[in-house]
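Pasting a predicted model and its sequence here:
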Amino acid sequence: MSIYVGNLSYEIRQDDLKQVFEEYGVVKSVQLPTDRETGRVKGFGFVEMGTEAEEAAAIEALDGAEWMGRSLKVNKARPKPDRGSSGGGGRWGNNSGGGGGGYSRRY
């Protein structure tokens, strides 16, 4: 299980976040998602600790803590929802033909 860390500064780096969580145990990994277009950190991240006890200690100590001018939101990360293959086929996602707007264009 990993820890969700929200309300992070956009100036955060992985090493910064790792240092804060190392005070509570072994940090296995740190992930800071970035915006595809700008490359800027999205303002949240995920930290994986060595044990559940270390995760619990970090969550208890850091949730609501002031860091880099922001009040952190720290809790257990929820599993990523399974999006499956039912995604909205839309205009190009299926072989049902059509996909137009109900009119016929003639040239």
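Yes, it's here. Residues are numbered from 1 along each chain as shown.

Tally up the residues packed near the closest residue to residue 51 other than its chain neighbours, please.
Ranked by CB to CB, 6 or more residues apart in numbering and with sequence neighbours excluded, the top spatial neighbour of residue 51 is residue 25, at 6.5 Å. Quick note: C-beta positions are derived from backbone N, CA and C, even for glycine. As a burial measure, residue 25 scores 16 neighbours (other CB atoms under 10 Å).

these two touch, right, residue 25 and residue 58?
Yes - if you go by CB atoms under 8 Å, residue 25 and residue 58 touch, sitting 7.1 Å apart.

List the residues that contact the closest residue to residue 12 other than its chain neighbours.
Nearest residue to residue 12, sequence neighbours excluded (CB to CB, 6+ apart): residue 41, at 5.8 Å. Taking CB atoms under 8 Å, 6 or more residues apart in numbering, we find residue 41 in contact with 8, 10-12, 32-35.

With residue 49 instead?
Residue 49 makes contacts with 2-3, 21, 24-28, 55, 58, as judged by CB under 8 Å, 6+ apart.
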